[in-house]
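Student: for reference, the sequence and a predicted model appear below.
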Amino acid sequence: SHIRHAWDHAKSVRQNLAEMGLAVDPNRAVPLRKRKVKAMEVDREERPKEFVRKPYVLNDLEAEASLPEKKGNTLSRDLIDYVRHMVENHGEDYKAMARDEKNYYQDTPKQIRNKINVYKRFYPAEWQDFLDSLQKSKMEVE
């Protein structure tokens, strides 16, 4: 979006990016030397600095890149339904869960317990609401 706002449609891609301090071709921006450098030979070619007319674009891109990444940890709907089914029908009996017909992947009791713990960790409020609803349904049956 930063580049889009600073773009001038009357200019070429190369001209627009050069004004923003960006390069079209990274190989030309930082050229590689093709000749071998001898042990003590050091020669620096000073490249003419290109005039950057829109430095705010580069600054905005750097600021955006330095922001921490948002973690989008979610669980699949299938796993959530699987965990809910197992807990509704078997409570905390992991051996019975392992024998359940919905255990398509033939998870062991320990694997099922780990999946339930992952669900608890990712959605603690939803897990508590689920347990409360189970308690209410047990009270209504009795």
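Tutor: Looks like it came in fine.

Student: for the rest of this, base every contact and every neighbour count on C-alpha atoms.
Tutor: Fine.

Student: which strands or helices does the helix ranked longest in the chain pack on?
Tutor: The single longest helix within the chain, with elements called by DSSP state H, is helix 124-141. On a contact count with 3 or more C-alpha pairs under 8 Å, 6 or more residues apart in numbering; DSSP states H and E, helix 124-141 meets no helix or strand.

Student: pull out the buried residues from it.
Tutor: Across helix 124-141, burial judged by 16 or more other C-alpha atoms under 10 Å covers Trp127.

Student: quick one: average confidence on the helix or strand hosting Glu64?
Tutor: Per DSSP states H and E, Glu64 falls inside helix 55-66. Throughout helix 55-66, pLDDT has a mean value of 88.

Student: returning to that earlier point: what's the longest helix of the chain in contact with?
Tutor: 88, 119-120 (C-alpha atoms under 8 Å, 6 or more residues apart in numbering).

Student: now, of these, which are buried?
Tutor: Tyr119.

Student: closest one to Ala65 out of the contacts of helix 124-141, please.
Tutor: Nearest to Ala65 among these, counting by C-alpha to C-alpha, is Tyr119 at 31.3 Å.

Student: quick revisit: between the contacts of helix 124-141, which is nearest His5?
Tutor: Nearest to His5 among the contacts of helix 124-141, with distances taken as C-alpha to C-alpha, is Tyr119, at 42.5 Å.

Student: my guess is that closest one contacts Ile80. True?
Tutor: Yes: counting by C-alpha atoms under 8 Å, Tyr119 touches Ile80, with 7.1 Å between them.

Student: domain boundaries for this protein, per the record?
Tutor: Per the TED database, the structural domains of the chain span 1-66, 77-140.

Student: where do the helices of the chain begin and end?
Tutor: With DSSP H, the ranges of helices along the chain come out as 2-6, 13-20, 26-29, 55-66, 77-90, 94-99, 109-122, 124-141.

Student: where among the ones you listed is the average confidence lowest?
Tutor: Among the helices of the chain, helix 26-29 has the lowest mean pLDDT, at a mean of 81.

Student: that one packs against which elements?
Tutor: Counting contacts by 3+ C-alpha pairs under 8 Å, 6+ apart, helix 26-29 packs against no other helix or strand.
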